[in-house]
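[1] How does the following fold in three dimensions:
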Amino acid sequence: KKHESTVACGLFCRIHRPLLAPICLGPRTLDGEKHNHQETNDRLAHLVEHTWLGMHCPGKKLLVLLLLLSIPVAVDSSDSLQQSCSSEDKTLCNSMSEGSSDPPQGLNGMDLVIDGWFHERGELWPGQAMSLKVNKVLDHHRSLYQDVLVFESANHGNVLVLDGVIQVTERDEHAYQEMIAHLPLYAHPDPKKVLVIGGGDGGVLREIGKHPGVEEIVICELDADVIEVSKKYLPSLAKGYDDPRVTIHIMNGAKFMQENTNSFDVIITDSSDPIGPASVLFETPFYNAMFSCLREGGIVCTQGECMWLHVDLIQPLIKSISQTYTDVCYAYTSIPTYPSGQIGFIIATKDRGGCDKPARKPSPEVQKGLQYYTPEMHEASFVLPAFARRAIFGEQVE
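    Next up, the predicted model:
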């Protein structure tokens, strides 16, 4: 009996030792003090072993097992995390165990799927929501930085959602990807080196690849999980990674730019909304870093939020960076699945004029493959409604 108990206990502790920890939230135990989880796990497992061996009643042993399995646990060891993962969860576990010992907490994208519909509600667009019918959830997990959800929709193809916000739908993505890439690229007479900050889905890379004169394309994406799910579920965008000119850096874009000054002709920042890890991309220091990274005559183009909702964010940012850049302007595109059906671009230059007229045009072959961008659309995108001109640039519109 003792041998059987020892074997049973050994197997139990070997399997569950990584999960044995005091009831806690994050790294804090009930007494409010921080502890080393590995030490706590070892001590608790040791205690369980001796308690198990001291029990002679099978019913009590079963009760202990059920109690232990029901305890909420905190895990901060990458080894423990790996041991507790099934083979199907290996990718998720790898991403969670790198970098931070405490997996991030926050919004759960699945909470936004109600009665078969995904409902996008955000603090940046209060009082309104976007809903898409869900056929099937393809992937849901939390990366090191954010909640990642991919689902197959009824009418918009596959949809990528980060922290509850729609990033891409296969149906209308071209309206965004083509404009954020081609506005700066066709405004530049001869771009050779292009840097992309964010844009892990690969759509911007795909569009840059349509410029044969570009010799080098570098992307800095902070969240590797975005790249992986895009390659799996958004292949029409992620094919941008197949271009041999592309170099991938999984790192902070600002740090990369600080290490590569005066290096790029065009910088495109394809960021999510200014909440969480992307918030720094909407601040003046980040634009200063881009300016230093640009070559003379260079252009930056960044996701610029929505003129219907965010002029209070757009106006002060444009006013601030206008002190550094030679020319700063605002353009926009229409895209049904973004808030208010519209999103803008902040386009700024270094030692050159504005970008409201293209310096080059797509070849007939390239133009046939484009679904949104044309030279005429290029110029039209800079024509703002009267309210936006007043609110963003302070212009007097008669």
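[2] Identify the residues contacting the longest strand anywhere in the chain?
    Longest strand in the chain by number of residues (criterion: DSSP state E): strand 129-142. Under the criterion C-beta atoms under 8 Å, 6 or more residues apart in numbering, residues 92, 95-96, 103-104, 106, 109-110, 113, 116-121, 147-156, 158-159, 166, 169, 225, 229, 232-233, 337, 339 lie in contact with strand 129-142. Glycine gets a C-beta too; all of them are placed from N, C-alpha and C.
[3] got the buried residues for stretch 381-398?
    Buried positions in stretch 381-398, judged by neighbour count with 16 or more other C-beta atoms under 10 Å: S381, F382, L384, A388, R389, A391, I392, F393.
[4] circling back: just the buried residues from the contacts of strand 129-142, in PyMOL please.
    Provided next is the PyMOL selection string for whichever of the contacts of strand 129-142 are buried by 16+ other C-beta under 10 Å:
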select buried, resi 92+95+96+103+109+113+118+120+147+148+149+150+151+153+156+158+159+166+169+225+229+233+337+339
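[5] ok, which stretches of the stretch 101-250 of the chain are helices?
    173-187, 203-208, 224-233, 235-238 (DSSP state H, counting those that start in this stretch).
[6] Contacts only, for the closest residue to G164 other than its chain neighbours.
    Spatial nearest neighbour of G164, excluding adjacent residues (C-beta to C-beta, 6 or more residues apart in numbering): L107 at 4.9 Å. Taking C-beta under 8 Å, 6+ apart as the criterion, L107 is in contact with D147, D163, G164.
[7] Need the nearest residue in space to T374, chain neighbours excluded.
    Nearest residue to T374, sequence neighbours excluded (C-beta to C-beta, 6+ apart): Q367, at 7.1 Å.
[8] just checking, the one you found touches M377?
    No - applying C-beta atoms under 8 Å as the test, Q367 and M377 come out as separate, 11.2 Å apart.
[9] who's more crowded, these two?
    Between Q367 and M377, counted using other C-beta atoms under 10 Å, the more crowded position is M377 (18 against 13).
[10] list the helices and strands the helix or strand hosting the more buried one packs on?
    If you go by DSSP states H and E, M377 is part of helix 375-380. With contacts taken as 3 or more C-beta pairs under 8 Å, 6 or more residues apart in numbering; DSSP states H and E, helix 375-380 sits against helix 173-187.
[11] How far away from the center of its chain is the helix it packs on?
    19 Å (C-alpha atoms, centre = their mean, to the nearest Å).
[12] who are the neighbours of it, in terms of helices and strands?
    Packing contacts for helix 173-187, counted by 3+ C-beta pairs under 8 Å, 6+ apart, involve helix 203-208, strand 264-270, strand 294-303, strand 327-334, strand 342-349, helix 375-380.
[13] picking that back up, looking at the helices of the stretch 101-250 of the chain, which is closest to D312?
    helix 173-187 (22.0 Å; C-beta to C-beta).
[14] Format the CA atom coordinates belonging to that closest one as PDB.
    Output of helix 173-187 as PDB, limited to C-alpha atoms (Å, rounded to 0.1, in the frame of the first residue of the first chain):
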ATOM      1  CA  GLU A 173      -8.600  45.200 -46.100                       C
ATOM      2  CA  HIS A 174      -7.400  46.500 -49.400                       C
ATOM      3  CA  ALA A 175      -8.900  50.000 -48.800                       C
ATOM      4  CA  TYR A 176      -6.500  50.400 -45.900                       C
ATOM      5  CA  GLN A 177      -3.500  48.500 -46.900                       C
ATOM      6  CA  GLU A 178      -3.300  50.000 -50.400                       C
ATOM      7  CA  MET A 179      -3.700  53.600 -49.200                       C
ATOM      8  CA  ILE A 180      -1.300  53.600 -46.200                       C
ATOM      9  CA  ALA A 181       1.400  52.100 -48.500                       C
ATOM     10  CA  HIS A 182       0.900  53.800 -51.800                       C
ATOM     11  CA  LEU A 183       0.200  57.300 -50.600                       C
ATOM     12  CA  PRO A 184       3.800  57.800 -49.400                       C
ATOM     13  CA  LEU A 185       5.400  55.400 -51.900                       C
ATOM     14  CA  TYR A 186       4.000  57.000 -55.000                       C
ATOM     15  CA  ALA A 187       4.600  60.500 -53.500                       C
END
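[15] mind listing what's buried in the helix holding M377?
    Across helix 375-380, burial judged by 16+ other C-beta under 10 Å covers M377, H378.
[16] what sits up against it?
    Contacts of helix 375-380 (C-beta under 8 Å, 6+ apart): M179, H182, L183, Y186, A187, D356, K357, P358, K361, P362.
[17] dump the residue contacts of the first one.
    The one in question is M179. Counted by C-beta under 8 Å, 6+ apart, M179 has contacts A331, T333, F345, Y372, Y373, M377, S381.
[18] Thanks a lot, catch you later.
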